[in-house]
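**Student:** need a 3D model of the following:
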Amino acid sequence: MSAAVTLSSGSPDQTRAVGERLGAVLEPGDVLLLSGELGAGKTVFVQGIARGLGFNSSVSSKSFVLLGEHPGRVKLYHADLYRLDDPEQVAELALDEISMDGVLVVEWPERAGDGELPEEHLRIEFEVTGEDGRELRFVGNGERAEELIGGLSD
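**Tutor:** All right, here's what the predicted structure looks like:
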């Protein structure tokens, strides 16, 4: 059974703050999968994660660069699969191997085929609820992901 919690955000700053709070407790090997329509706040959330991991430069959308690497307390690997058409392209990236020493955040994970992304992960689903409003639904798959969700609901 997987744990889940939903948080509301009323602005990009609030979305970034939730990401920063999560980033502060992430450890090497943690995997986050971010789903939601274009403009739903996924990259803003990743900016907060990066800040929470101690990376103080800018993090932008990776729409044209498939994988960005950002140093910090823990290295952040930020992948954007939006432009990929074939799950085999995801397999060629070997994301699980590349990111073993850091945190892997994947936007558009639905572009990957079954088994191409780590089975244990924290999925965050972004839903637009207004001009700046968002709902972020956190669904844990695995013990570590459920532990992260427990920290968010405190």
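**Student:** got any ranges where this structure has weak pLDDT?
**Tutor:** 1-2, 57, 60-65, 153-154 (pLDDT under 70).
**Student:** apply 50 and report the result again.
**Tutor:** For the chain, the stretches with pLDDT under 50 are 1.
**Student:** what about the helices in it?
**Tutor:** Using DSSP state H, the helices of the chain run over 12-23, 42-52, 87-93, 95-98, 143-152.
**Student:** just the CA atoms of the last one, as PDB, please.
**Tutor:** The one in question is helix 143-152. The C-alpha trace of helix 143-152 is given here as PDB (Å, rounded to 0.1, in the frame of the first residue of the first chain):
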ATOM      1  CA  GLU A 143       9.600   2.600   2.200                       C
ATOM      2  CA  ARG A 144      11.900   5.700   1.600                       C
ATOM      3  CA  ALA A 145       9.200   7.500  -0.400                       C
ATOM      4  CA  GLU A 146       6.700   6.900   2.300                       C
ATOM      5  CA  GLU A 147       9.100   8.200   4.900                       C
ATOM      6  CA  LEU A 148       9.500  11.400   2.800                       C
ATOM      7  CA  ILE A 149       5.700  11.800   2.600                       C
ATOM      8  CA  GLY A 150       5.500  11.400   6.400                       C
ATOM      9  CA  GLY A 151       7.900  14.400   6.800                       C
ATOM     10  CA  LEU A 152       5.800  16.500   4.500                       C
END
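**Student:** what's the closest of the helices of the chain to L104?
**Tutor:** Proximity to L104 (Cβ to Cβ) singles out helix 95-98 among the helices of the chain, at 6.0 Å. For the C-beta atoms, the positions are set from N, CA and C on the backbone; glycine is no exception.
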